[in-house]
Each structure stands twice: as structure tokens, then as C-alpha cells.
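# Let me see the structure of the following:
(chains A, B, C, D, E and F)
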6 protein chains.
Amino acid sequence: MIKLAPSILSANFAGLLEDIKKVEEAGVDLLHIDVMDGHFVPNITIGPLVLESIKGRTTLPFDVHLMIENPDRYIPNFVKAGADIITVHAEACHHIHRTIQNIKSHGVKAAVALNPGTSLTSIEYILEELDMVLIMSVNPGFGGQHFIPSALDKIRSLKKMLVDRNLVMDIQVDGGIKLENAAEVAGAGANILVAGSAIFNTESIEDTVKLFRNRLDSF
Amino acid sequence: MIKLAPSILSANFAGLLEDIKKVEEAGVDLLHIDVMDGHFVPNITIGPLVLESIKGRTTLPFDVHLMIENPDRYIPNFVKAGADIITVHAEACHHIHRTIQNIKSHGVKAAVALNPGTSLTSIEYILEELDMVLIMSVNPGFGGQHFIPSALDKIRSLKKMLVDRNLVMDIQVDGGIKLENAAEVAGAGANILVAGSAIFNTESIEDTVKLFRNRLDSF
Amino acid sequence: MIKLAPSILSANFAGLLEDIKKVEEAGVDLLHIDVMDGHFVPNITIGPLVLESIKGRTTLPFDVHLMIENPDRYIPNFVKAGADIITVHAEACHHIHRTIQNIKSHGVKAAVALNPGTSLTSIEYILEELDMVLIMSVNPGFGGQHFIPSALDKIRSLKKMLVDRNLVMDIQVDGGIKLENAAEVAGAGANILVAGSAIFNTESIEDTVKLFRNRLDSF
Amino acid sequence: MIKLAPSILSANFAGLLEDIKKVEEAGVDLLHIDVMDGHFVPNITIGPLVLESIKGRTTLPFDVHLMIENPDRYIPNFVKAGADIITVHAEACHHIHRTIQNIKSHGVKAAVALNPGTSLTSIEYILEELDMVLIMSVNPGFGGQHFIPSALDKIRSLKKMLVDRNLVMDIQVDGGIKLENAAEVAGAGANILVAGSAIFNTESIEDTVKLFRNRLDSF
Amino acid sequence: MIKLAPSILSANFAGLLEDIKKVEEAGVDLLHIDVMDGHFVPNITIGPLVLESIKGRTTLPFDVHLMIENPDRYIPNFVKAGADIITVHAEACHHIHRTIQNIKSHGVKAAVALNPGTSLTSIEYILEELDMVLIMSVNPGFGGQHFIPSALDKIRSLKKMLVDRNLVMDIQVDGGIKLENAAEVAGAGANILVAGSAIFNTESIEDTVKLFRNRLDSF
Amino acid sequence: MIKLAPSILSANFAGLLEDIKKVEEAGVDLLHIDVMDGHFVPNITIGPLVLESIKGRTTLPFDVHLMIENPDRYIPNFVKAGADIITVHAEACHHIHRTIQNIKSHGVKAAVALNPGTSLTSIEYILEELDMVLIMSVNPGFGGQHFIPSALDKIRSLKKMLVDRNLVMDIQVDGGIKLENAAEVAGAGANILVAGSAIFNTESIEDTVKLFRNRLDSF
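Next comes the predicted model:
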């Protein structure tokens, strides 16, 4: 089954919990939380305090995507703030193996994200350590961008690597995912789809989630 | 008259607008917005998207305190997100005069913040350009810290500099301000008091603001 | 046909336009402009002001090679200064896909340069977006260095990648190219040869260009 | 006597030596060479190669103003390229005393530049080591800006410091200097005036230099 | 034959030469010297001064492993301090080909180290230039960690690359090597084993070295 | 009484404890430990591991001088390694007040060091928090340099500041101190003298310490 992870980036921060409740009630699977530091990416979004304010008030697991430099120093803060999964960027980590161990040492799931231009070679020696790989299908930093088609090839190549190595793990895709391309992305091998504006900026979140489910029910 | 600027750092981010409405209704003067990038200070808080969500939905001016490195690149984003005042840190700006001009070129007020250990010499040649100076009375990064007493001396010295130069501008103080020390801070020369937990973490925000007003009505 | 791109690095900066006119009259194809910031490479050369001074005064396209960190912030300046092609280094860009889009959004051609030790994996997911790849055959920073032979293998591998993917784009090679090795470089698959001292530091630029043309006329 | 130092920033880089010859023939005293690395200031200008191209072809001393981070590593290059004076920025040097010794160890004059917002306290313990102080009267990075009036106070304070300590050294001022304010700047205590557009962008450089001399002949 | 390189990281720094003498007398082949700068890795260890103090007082070659950022600037210091081999990290060098040339220009052997998560693609274009590759089997920074099994695959892949290219060079492995796994590491293709605690923290260094020799005598 | 703090920088690292024993037996007061990271200063010396090796084996207090960037992250390591005093550089700390609190929170003494070119304004608002100020009388990085005379003025000014504020704390001076100038430095107001080569590189450490004591017994 394909999981849906609405991105908080498109939620209404004036009444965040209310928006989260809407996606929770609509039956999504994870809450994708975009953390940006204004250094790794050209935008600043939210940090641990915002997570803490919703911790324990939703049943959705916190899927924390750290678009920050030197993520190691903030991992404990995000764990404490309720993270269930922590994703770091391969491009931000010289010692990616250590960072992954660091995340896992706190008892949360560990994932690596790859920018659209980043090769899968950057994870070939840590794949066995991961709970998830996040393939970026836009350049991280902003919501509302268009899906970059070469991400499909990367998903397929990653899927093949996993099969070749007899590994089972989540493949998450983030960026420009809409009703129109969701099935294609799932077909390439992804099983967790992040969607921001395509879920939050619709008339009925409930209906939209149902439509996504319909499109994806064959996977 | 002394102005009160509740710090958003102690608000409830799960229902931010609601909390802001409470302080607005309690009659405070400014909304102090703490932006941290995890690099200049050891915490990440919120960025332009969060401001945009409340823009136009409160009558409180946005008093944006940028605790970030290289603030120049984000000034346009915060202006667009509704900032009325933008404060940058002297310690983060090699070209502080340019940064101040940059802020003012967008039609918003410009201020400089000084860390507890930073000398007033860092603003002596730009004082005439400023709308406000922010004297930090805790080390920026977290709410709920204790007021550092040497800040009082710095406020007095700054006040004297302003008088000596025949300048009129706001002196804001941020960190550890409570009912107990508010009058002393105002007495030293400050006219805008930032308070986070002392306002938001009280049983009745309305009553607390009144108590602050009582303590400060002689200034 | 193989294109020749004389590198401005070996021109006479005391009378730059005069030197440019010489290569223009000798019939070269592009003007290769080496921009170094003293941070990405251990040398500072020239910036937008120098380009602007020659803009509109030569018919040669400006092939701008940015050997600088964080090139995104200077792309608009180089476009305004007359750039026709902008090349950035894979090693300097965490978000190489975004940087390429940024260049192209200004209506100029976009290319990526690879240092001698850099793998082609760093461009495998952005190849479709590029107008050119620049294979460095010396370590960038200075003129007058010797051609690094392993660059030939990289050119061949890149050529193969392009053929395999049915892509047509320019392969530029920069560093240590002389009359003696030009044909070998072209034979490996390059179609734009950068040459600095081998063109500018010769008795007759016109004759040298002719000699290059002779060596390369079979490609 | 007041010295004039035309800034190369406003010269024509297409025919640099020709423009330098014009100011040389007009009788100026120094050639002010603005080196920017795109990191310390938001512009990249020229580096050692450009200096080398004019070295030995003008009688004007090279007054090299390094607007670059970590200048120490490039000092030998600029000495070799012909520098007679090397100025570094106080804001760019944690070990300013060492940097000054480094410059002087190469047998050239050493100076420190201060940004418009920088206090004289940053040079109080190295003043005895210096051959010159450069007071910036614009924010470094671009030509053609307006003179910042607070620079006059800083010049006067510096002049007083020198007198108090019985020191004799040059006070250079750079930024927005024109015929209209030259005398005021000299009157405040400066004895070397940098002027870019006010000299190069005039109909007759020779006449302009004479006009400057007239305005300044009482000092 | 397999070489043993005890890591100084586990030696007694209170009486360093004495400890070095013990491993020298036990017949090891190299002294592995771990240099950490607190920036590339989260620890600071020792620098050139410590090497100089033992230079000329042991017959063991100095195998210097630089876990530091921008290693180029310190290469001359370590050569002067007695280095026979200098290893730099691929992750710390944008211009790895230049850095290798820099090391070799001083007449010492040059090697590249790869972190556990780093792909062999980062050395595919410089392999011919190297005297040794160091495969890290722990995340660099501390002694006493456990061997990361994926290092075995990397050693085998590297060995295959060398055979395919007809290259002969040392393959060094560092991290978590003990009597129990030494043969497996050698079997994968490594010929220089670094061991810290497994050699220094044993009752008899002499006996331990003999035990290692026994385990490894079939290679 | 004036205290003597021999700098480990001039000790023999091949037999460190032995050298430390010599100064301990000669009756010095503190062991000055120079930690350099190769980033704040152009040298790498020693880190926590070296301290740990001598911890508990000498009665001399560990006076740890951190010449490193971002010292906060290593403070716990040096405390654990036996530090009694930790000194950080004002130039390396944007949040110097926080760093001082950090040091003191571990129960060790806290001090700030000032480079030769650094003004006392950088400590004017934290003086009350300090146990010691370290006035550098050479540029940090290497042993064996000459005393910079302007340090005497700075010591006197600092002494005056302390007297004016009714504060009692140690004034340490480091760099170029020898028998010849020790009394002058003490006369200016210093009460802890760091000496490296002047103590360790002498025929009899015991005699040298006695000679220092003689010169300083009037203070």
C-alpha cells in the first residue's frame, strides 16, 4: 500500500493543529515536516518548538525532513520534539554513516534524502543502514514546484538496487506530486508520497485524500 | 509610555493566531517575532511562512528579530511576510551600515541587537541610522532564561549616548523580563520590553498585561 | 567542427580589448572567461565589471567559467555583464539542478564543470538539463599547467553517456591544451577546446589559430 | 599636501593601461586598486593577474585595497604583482596584528580599512604598527555611491588619536568623494582621497584633477 | 605480506616515545598517526609539534592520516615534521587531484581516505596518482569503535578496480581491526591494517603483534 | 605573588610527563596547555587525549587555552580531560557571555583571551563573570615569538578597569615572556606569566624558575 505524507509546508501555520487534524481525519499516514535553516536551502521554516506544540495531539507519526547543514547537533532536539523518522540530506553530511547511527541511537527511524542532481552512489555504502530513502523530485526550499521527471529514473534505479541487495525499505518521494502523477511515481517504485499544496490547498482535504487513494489502490 | 512586545517564542504554535489574538486583545503594542536559523544561535524557530500565515490577521505590528547569519539575503522575504521592524545582530553583520540601509530601503524600521557581551562601540557609528536598539538581557536562543544584570548598565550607557547626541529612538530589551524587574529595566532607559513566558505562560494574559502596565505607568 | 575558445586568463589585461580583437580576428569561436573568487580556487581573477567593459565590443560569445563558491548569487550579474554561457562547478553546488535552472531562467546556456578528480556520477541526473559539460584537464586556478591524461578517459566516458542517452551537447575541455594534444582531445569526443597560453602567448595568434584548425579539421 | 588616489574601479577595463596613463599624466599620486572576492563584499573585481599586466608600466604606486576574507594567503601574490601599499579590512581579520606584520615583512606599507559601521576601537592596539588607516565613507563593493557623513566624525576622532599618541601616518578616505566634499574631508584630517567616478567619469581627467588640486591646495 | 600500522591514537601520550619504541621493537611496519582538527571530525588530537618530537627517534615510517579540513595548507608542516605518507580525506578536498600532487611534490607518498559512507567513485579519476587508498571501517574521530562490515565490500570493489586497471598500490584499512577480523580484512584485499586499542591496550604488545602475524601469515 | 605557568607548547612531546614533572618539581604554579585547531590559528597542537594521559599524574592545575573556533562544543571534553581553567578567545565567540556560563557550569574557572590587536571593549560587559583575562603578547599559533610592547598598555588599562570596578581577578600574559621582561609585565599588572621556551628550553628548569622568582619577588 502506498502511504501519503502531507507536507506541513503547505499547511496554515496560523492554526496548525487544526490543519493537521484535517489530514489526520482524512486518513493520511504520516505528517511530513519540512525543517529549513536558511543555509542548506534558501528558506527558513520551522524548528523543534513548533513540533513540540503539536506533539501528543495527533496520531500521525512525525516524518521530519531536515534540510539543514550539520544536522547532527539538532537530532536530539527533534527526537525530543516527537520525531518518529529523521531524514538528513546526503549533501549536508560528510560523515553520513555516523549521522545515520546517531539518529538510530535515539530509537527513531533514519533516512537519507537526495537532491535532484545527487547520484545514488552517495548512499551505496549505507543503504543497509537505512529505514528509508527520500528522492527529491524538486529542489528543496519551497512548496508548489513542478515534479522533475529525472526523479522517476532515480526511483527505478534505487528500487533495483534494493531488489538486487534483497533489501526492503521505504522509498519516499517529495516534490510536485499531484493526483496526475501519483500513480506514475508509485509505479516507479515509491511507496511514500509527500504532497503539500496538492493536499492542503484543495477544497476538501478528505476528498483529495480519497482521490489519491483511488489512484494508488493498485500498488 | 513603555511598550510591551510579547515574544512569539512562548506562544502556542499549535494555534498561533489564537494566542496572538489574546495578546492583541490584552492591549500589547508589538508582536516580537524570534527568527532563529540554528547557525547564529543554537536553535531553529520559524521563518517567513509562519509570519505570512498571520499577516493581515492581527493589528499588532510585526517586530521581527533576526537571530540569523548573513541576514541581508532574507530581509526581502521578511518584509514581504509583513515585518514592520527588522532587527539584525551586530555580531552577524560585517557590513552593518549596509544592512541597515538595506532594511530601510524596503520602507520598514531598522534596528540592531547586541548580545549580552557585545560593546556599544559596535553601534557608535550607525546610531544615527537606527530606529531602535535591542539590548539582549539573555543570550539569544531560548525562552525562559534569567535576566543578566549587566544589561542594565548597557541600557543606561546607551540612553546616555542618545541624550548626548540628541537622538530619540526606541530602546528595546529582550530576555528574562518579568513583572518583578520591568520597572527597573524601564528605569534604566528602555521603552520597549519584550516578554515571552512572563506573558504567555500565565493564567490570564489580560491580567498580566494589566499588571505590567501598572508597574510601568510612571514611565 | 571543433570550436576554439581562447582563455582570457592568458590575455594581456593592460589592453584587454586589443587582445580580444586579435583572437576575434583570428576567427576563434568563443571567449572563455575565467572567473575566480580566491575561495573555490586559490586565485582571484576578474569579475562582472571587466566583462561589462568589453560587452558589445566583440562579436565573440562570452563563455563564462565560474570558479567560485555559491555561484547562484552572482549569476544575474554575469548575465547582465554579457554572458552567453555560464558554467558552474559541480563541486561548488549542493543544489546543482537548481543552479542550472537558475542560469537557464536568464536565457543563457548552462554548463557544469568537473574538476580532474570529480566523477561523472555528479552529473548523471542533470545531464538532460545541460547545454555543455566542461571537463577540466588541469586543476583550476592558474594558466600554463600540463594536461592531465585521465581527462581523456573522462571525455570518452561522457561521450558514451551522451550517445547512450541520445543526447547532443557540447563537451568542452580546459587545461593544458596545445597544438600537440588538440587532436587527441577532439578524438576523445570534445568539441570545444579552451586554450590560453597556447593561443595568446604565441608570436602570431592568427597563425596559431590556423595551425589549430589544421590539426582539428578532420573532426 | 593632499594626495589623490583614483580608484581603478571606475576605469575602463577594456583598455586599462590607457586609462591609468591618463590619471598618471594628470598628476595623481597613487593608483587605488579595489580587490573584491565576492565573499567579504558582494562583488568580484580583479586580482593579481590584472595588477601584473600593468606592473612596471606606470610610475604610480599601487595602493591595493583588499576587500577579501582571510587576506593573509594572498598577500604574497599582491606583493609579487607590484603592490606598494596593502590595506586589509579590520572586519576580515581575527589576527589583525599578525596580518599587518605579514604585510610589512614583505617590505610594503601596511594599512587597515574600517567599514562605515566599524569602531576605531578595532585599531587602538595596532595603530603604532600602521602606515595608513583607510576610513570607508561608503559600504565597500561598488563605485558611484554617496558619501556617508558619519565618516567625517570618524576621521576627526582618528586624527585626534594620532595627535594624542604623537603618531604621523596617512589617513585615507574612500567612497563618494567629489569636488564638492573633498575639502571637507581633508579638513576633517584625511590626507589621501580616493575618488573613482569623480575622476574617471569626467570629460577631462586632467581638468578634474586640477580642480581637485585647487580645492585642496590650502591643506 | 600484510603490514601492521599501530595507531598512535591508542598510545600513551604521557610517554609517547616509550610506547612507540614498544611497537617498533615488536616489529610493526608503520606508525599510523591520527591528526584531527575538531572540524572535519569531532575530536582534536595532535599536530606537527608532536610528530617533530619523535622524528628521528624511531625507525618506523610516519603514516600521517589527516582528518582535517583544507589539508593543503598543513601538508608542508607535516612533511617537515617527518611524514613519509600523507593521507587526506576525499570528503575534505574539492580539488583532490591538486592535493595529491601537492603531497607528492614534497617527495612523500600520497593516499586518499574514504569515510564508511563514501563511494569509490570519488577516487575513480585519481587512482593512478595514488600510492595508497585508506578504507575507513569506522567513522573517524575516536579509537575503540566497532568494525563496519560494509567496509569489506568496499575493499573488494577497490581491489577489483586495481586489478582491472593493472594497478598495484597499498590498501589500508582503519577502524575496529582486531585479531578476530584481521584475516577477513586481509582476505578482502587489504594489505595494511591499522590497529589502535587492539595493539596498544594489550598486556604484551610483542605477543599481540606476533598473534597478528600468525593470523595474517597466509597472505 | 606572581604565578608562573609554563607553556606545554615548548615541552618535549616525546616524553611529556617527564617534562611536566620537571616544571612541577621546580615549583611552578600552573600548566599552560595550548590547544590549537588549525582554523582559529595556523597550527594544530594537542587535544583532550593528550591531557587525559597526564591527568592525575601531576599536581599542577591544567590551565587550558583554547585557540579554537566555536569552543563551546569541546568544553565538556576538556573538562573531562582535567581542565581547571578554560580560556576562550573573544575573537572566536559571538556569544561570549554564553560561552563563559557554559564553562562555569562545569565547575571550572572561566577566562577570556584577547589577541594583540583586540580591544578591551570586547570584554567590558562580561568582566564581572570572569575568573581571569589572558592578554596575548604575541599572535597565537607558535612558540618562540617576541613580546609585543603594546600588550603592556593593555595590561595597564585592564588593571585600571578592574580597580575602577572593584574587581579582583587574575591577569595572565602569554607570549615572549623571558627573564628580561618578566618584571615589567608584572609591574604593568599581570599576576600570571606564561612562559614556554624561556622555561623549557633552558639548561636547568629549576634554576630558571628560581631566577624568575627572584625577578618577580617584589610583586
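# and the gap between the residue of chain A found nearest chain D and B:His39?
Residue of chain A nearest chain D, by CB to the nearest CB: A:His39 (15.0 Å). From N, CA and C alone the C-beta is placed, and that goes for glycine too. From A:His39 across to B:His39, the span is 6 Å (CB to CB, to the nearest Å).
# Is the residue of chain A closest to chain D in contact with B:Arg73, as I believe?
No: using CB atoms under 8 Å, A:His39 is not in contact with B:Arg73; the gap is 10.3 Å.
# is the lengthiest helix in chain A up against chain E anywhere?
Taking DSSP state H as the assignment, the helix of chain A that covers the most residues is helix A:150-164. No: using CB under 8 Å from any CB of the partner chain, helix A:150-164 never reaches chain E; the gap is at least 12.6 Å.
# So for the following helix or strand past that helix, what gets flagged as buried?
Using DSSP states H and E, the helix or strand that follows helix A:150-164 in sequence is strand A:170-174. For strand A:170-174, the neighbour count (16 or more other CB atoms under 10 Å in any protein chain shown) marks A:170-174 as buried.
# before we move on, what about stretch A:40-59?
Quick answer for stretch A:40-59 (16+ other CB under 10 Å): A:40-54, A:58.
# Any residue of the helix or strand of chain A with the lowest mean pLDDT touching chain B?
In chain A, no helix or strand scores lower on mean pLDDT, DSSP states H and E than helix A:197-200, which sits at a mean of 93. No: using CB under 8 Å from any CB, helix A:197-200 stays clear of chain B, coming no nearer than 11.8 Å.
# Could you list every helix and strand in contact with that helix?
Here helix A:197-200 touches strand A:3-6, helix A:16-25, helix A:205-216, going by 3 or more CB pairs under 8 Å, 6 or more residues apart in numbering or on different chains; DSSP states H and E.
# tell me the most buried of those?
Neighbour counts (mean count of other CB atoms under 10 Å in any protein chain shown) averaged over each of these peak at strand A:3-6, with a mean of 25.
# A:Arg156 contacts A:Gly187, correct?
No: look at A:Arg156 against A:Gly187 with CB under 8 Å: they stay out of range, at 9.3 Å.
# on that earlier part again, now mean pLDDT and distance to D:Ile96 too, for the helices and strands packed on helix A:197-200, in TSV please.
TSV is the format used below for the helices and strands packed on helix A:197-200 (pLDDT from 0 to 100; distance: least, CB to CB, whole Å):
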stretch	mean pLDDT	distance to D:Ile96
strand A:3-6	98	51
helix A:16-25	97	48
helix A:205-216	96	59
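# Select, out of the ones you listed, the one closest to chain E.
Smallest distance to chain E across the helices and strands packed on helix A:197-200 (CB to the nearest CB): 25.0 Å, for strand A:3-6.
# for the residue lying closest to A:Ala113 once chain neighbours are set aside, helix, strand, or coil?
Excluding its sequence neighbours, the residue lying closest to A:Ala113 (CB to CB, 6 or more residues apart in numbering or on different chains) is A:Leu134, at 3.8 Å. Look at A:Leu134: counting by DSSP: H, G, I helix; E, B strand; the rest coil, its state is strand.
# and A:Leu134, what are its bridge partners?
For A:Leu134, the beta-bridge partners under DSSP bridges are A:Ala113, A:Gln172.
# Any residues of chain A in contact with chain E? List them.
Residues of chain A lying close to chain E by CB under 8 Å from any CB are A:93-98, A:100-101, A:119, A:121-126, A:128.
# Let's see if you can find the most crowded of those residues.
A:Ile96 (26 neighbours; other CB atoms under 10 Å in any protein chain shown).
# May I have the predicted confidence score for it?
In this model, A:Ile96 is scored at 98, pLDDT.
# Over to the one 4 residues further on?
At A:Ile100, the predicted lDDT confidence score is 98.
# Could you do A:Met132 as well?
98.
# Please report the number of neighbouring residues for the residue of chain A closest to chain D.
Using other CB under 10 Å as the criterion, the residues surrounding A:His39 number 18.
# Could you check which residue of chain A lies nearest chain F?
Of all residues in chain A, A:Arg73 sits closest to chain F, at 7.9 Å by CB to the nearest CB.
# Quick check: end-to-end length of stretch A:189-203?
Using CA to CA, to the nearest Å, the end-to-end distance of stretch A:189-203 comes to 29 Å.
# Give me the buried positions along that stretch.
By neighbour count, with 16+ other CB under 10 Å as the criterion, the buried positions of stretch A:189-203 are A:189-200, A:202.
# What residues does chain A have near chain F?
A:Arg73.
# and chain A, which residues reach chain C?
Counting by CB under 8 Å from any CB, chain A comes close to chain C at A:40-41, A:91-92, A:115-119, A:121, A:139-141, A:148, A:150, A:153-154.
# Show me how to select, in PyMOL, the buried members of those residues.
In PyMOL, a selection of the buried entries from the residues of chain A next to chain C looks like this (16+ other CB under 10 Å):
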select buried, chain A and resi 40+41+91+92+115+116+117+118+119+121+139+140+141+148+150+154
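# Can you list which of the residues of chain A next to chain C are found in helices?
Those of the residues of chain A next to chain C lying in helices (DSSP H): A:150, A:153-154.
# May I have the phi/psi pair for A:Gly189?
According to degrees, to the nearest 10, the main-chain angles of A:Gly189 amount to phi 130, psi -10.
# what number of residues lie near the closest residue in space to it that isn't next to it in sequence?
Spatial nearest neighbour of A:Gly189, excluding adjacent residues (CB to CB, 6+ apart): A:Lys159 at 3.1 Å. Applying other CB under 10 Å, we find 16 residues neighbouring A:Lys159.
# A:Lys159 and A:Val185 touch, don't they?
No: using CB under 8 Å, A:Lys159 is not in contact with A:Val185, being 11.5 Å away.
# number of nearby residues for the residue nearest to the residue of chain A closest to chain D when sequence neighbours are not counted?
Distances taken as CB to CB, 6+ apart place A:Glu69 nearest to A:His39, at 4.9 Å, with adjacent residues excluded. Residues near A:Glu69, counting by other CB under 10 Å, number 20.
# dump the residue contacts of A:Glu69.
Contacts of A:Glu69 were listed using CB atoms under 8 Å, 6 or more residues apart in numbering or on different chains, and they are A:37, A:39-40, A:92, B:39.
# let's go with 10 Å and repeat that
The neighbours of A:Glu69, taking CB atoms under 10 Å, 6 or more residues apart in numbering or on different chains as the test, are A:37-41, A:89, A:91-93, B:37-39, C:94.
# Does it fall in a helix, a strand, or a coil region?
Following three-state DSSP, A:Glu69 is assigned to coil.
# got the phi/psi numbers for it?
Here is the backbone geometry of A:Glu69 (degrees, to the nearest 10): phi -80, psi 150.
# Around chain D, pick out the residues from chain A.
On the criterion CB under 10 Å from any CB of the partner chain, chain D has no neighbours in chain A.
# Centre of the chain to stretch A:31-48, how far?
12 Å (CA atoms, centre = their mean, to the nearest Å).
# Which pLDDT value belongs to A:Gly143?
According to the predicted model, the pLDDT of A:Gly143 comes to 89.
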